[in-house]
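J.: Here is my input, please return the structure:
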Amino acid sequence: MRLLSRVVPVLVVLGLASCSGVDVGTNYDPAAVARIDNFRTYAWMSQPQKSQDTRINNAITDAQVKSAVDSNLQSRGYRKVEPDANPDFLVGWQGAIDTRLSEDAANSYYGYPWDPFWGSFYGPYGGGAYLRQYDVGTLILDVVDAKAKTLVWRGTAQRNLGDSPSIQSNPKKLEEGVTKMLERFPPKPEQQD
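T.: Residues are numbered from 1 along each chain as shown. Okay, the predicted model is just below:
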């Protein structure tokens, strides 16, 4: 029973960490909000800078990103055209997978009963540190005004990929990131107080 009371809190923390959602952020040119609101057609930009990471720089990931974005935009009335058909805006994407470390501490103050034997082993504060290595995937979507050739909107989505660092291994994570990002496109004019 004592072992179970020590193990369960650690498993709960690890379980919650693996269920983390998508962190989304956007930025846009406030002077371009009216132009963006009139956009109706789009085309894909070529990707001049490609990641050296083959988990991202491959035909499967490119197709999955474009399919998720196309599906989302077209369901909202935007029409995809060829780049030479004078689209209103261009869409481009970039991605990265970064390895990170997380340190978690466990001691007698985190739900473990104080024990004279282990307390002397761990010192006055008890417990120890646990290092966890995990991969975080980042997807960046850029919207460029095709006529002005300027970036007018950028969305970013970041997610803990857990044990599956390859983006294409779970396309649902990718689709969720694209959906959450594009919920903020087109941007709404800021409310004046």
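J.: if I look at residue 66, how far off is residue 188?
T.: Using C-beta to C-beta, to the nearest Å, one obtains 26 Å as the distance from residue 66 to residue 188. All C-beta atoms are positioned from the backbone trio N, CA, C, and that covers glycine.
J.: ugh, typo on my part, it should be residue 133
T.: Going from residue 133 to residue 188 by C-beta to C-beta gives 39 Å.
J.: do the same with residue 141
T.: The spacing between residue 141 and residue 188, counted by C-beta to C-beta, is 17 Å.
J.: which of those two has more neighbours?
T.: Using other C-beta atoms under 10 Å as the criterion, residue 141 and residue 188 rank with residue 141 on top: 23 against 9.
J.: Would you check how far apart that one and residue 84 are?
T.: Counting by C-beta to C-beta - residue 141 and residue 84 are separated by 22 Å.
J.: One more: residue 39?
T.: Residue 39 is 18 Å from residue 84, by C-beta to C-beta.
J.: Looking at these two, which has the bigger crowd around it?
T.: Just comparing residue 39 and residue 84: by other C-beta under 10 Å the higher neighbour count belongs to residue 39, 20 against 7.
J.: pretty sure residue 159 contacts residue 21?
T.: Yes: between residue 159 and residue 21 a contact is recorded at 7.2 Å, counting by C-beta atoms under 8 Å.
J.: shared neighbours, those two?
T.: Residues touching both residue 159 and residue 21 (C-beta atoms under 8 Å, 6 or more residues apart in numbering) are residue 176.
J.: Strands of the chain, residue ranges please.
T.: With DSSP state E, the ranges of strands along the chain come out as 23-28, 41-44, 79-80, 89-106, 128-145, 150-162.
J.: Pipe the ones you listed into TSV and attach distance to residue 176 and mean pLDDT per row.
T.: Listed next are these as TSV, based on distance: least, C-beta to C-beta, whole Å; pLDDT from 0 to 100:
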stretch	distance to residue 176	mean pLDDT
strand 23-28	10	92
strand 41-44	21	98
strand 79-80	21	98
strand 89-106	15	82
strand 128-145	11	83
strand 150-162	8	90
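J.: Could I get these in a markdown table, plus columns for distance to residue 172?
T.: Below are these laid out as a markdown table (distance: least, C-beta to C-beta, whole Å):
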| stretch | distance to residue 172 |
| --- | --- |
| strand 23-28 | 16 |
| strand 41-44 | 22 |
| strand 79-80 | 23 |
| strand 89-106 | 16 |
| strand 128-145 | 13 |
| strand 150-162 | 11 |
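J.: of those, which approaches residue 177 most closely?
T.: For residue 177, the closest of the strands of the chain is strand 150-162, at 3.4 Å, according to C-beta to C-beta.
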